[in-house]
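*Asks:* coordinates only, sequence not included:
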């Protein structure tokens, strides 16, 4: 209400255009914002291991013999 004394009435179209413009600018700003969430202390436990799985080790060691027999 601080600016009520300087208010000048305008058209409905101008009011609607200003609201539409502000909504669009808010949407663009929201999309440009990048969020970085820190990983918790248990992050290493949740990340997949770089070590091969037991199934992968078995396939690597026995696959060649199976191909040679075929």
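*Replies:* That came in fine, so what should we check first? On a predicted model such as this, the values are computed, not experimentally measured, just so you know.
*Asks:* and residue 53, backbone torsions?
*Replies:* When read as degrees, to the nearest 10, the backbone of residue 53 gives phi -70, psi 160.
*Asks:* and for residue 47, the neighbour number?
*Replies:* 9 (other CB atoms under 10 Å). C-beta here means a position set from N, CA and C on the backbone, and glycine is covered the same way.
*Asks:* check it and give its pLDDT.
*Replies:* If you check residue 47, the pLDDT there is 75.
*Asks:* secondary structure element for residue 10?
*Replies:* Here residue 10, judged by DSSP states H and E, is contained in no helix and no strand.
*Asks:* average pLDDT across the longest helix anywhere in the chain?
*Replies:* As assigned by DSSP state H, the longest helix anywhere in the chain is helix 12-32. When pLDDT is averaged along helix 12-32, the result is 92.
*Asks:* tell me the helix or strand right after it.
*Replies:* helix 43-46.
*Asks:* so for that next one, what gets flagged as buried?
*Replies:* Within helix 43-46, no residue is scored as buried using 16 or more other CB atoms under 10 Å.
*Asks:* what separates that helix from the chain centre, distance-wise?
*Replies:* Chain-centre distance of helix 43-46: 20 Å, with CA atoms, centre = their mean, to the nearest Å.
*Asks:* identify all contacting residues around it.
*Replies:* By CB atoms under 8 Å, 6 or more residues apart in numbering, no surrounding residue is in contact with helix 43-46.
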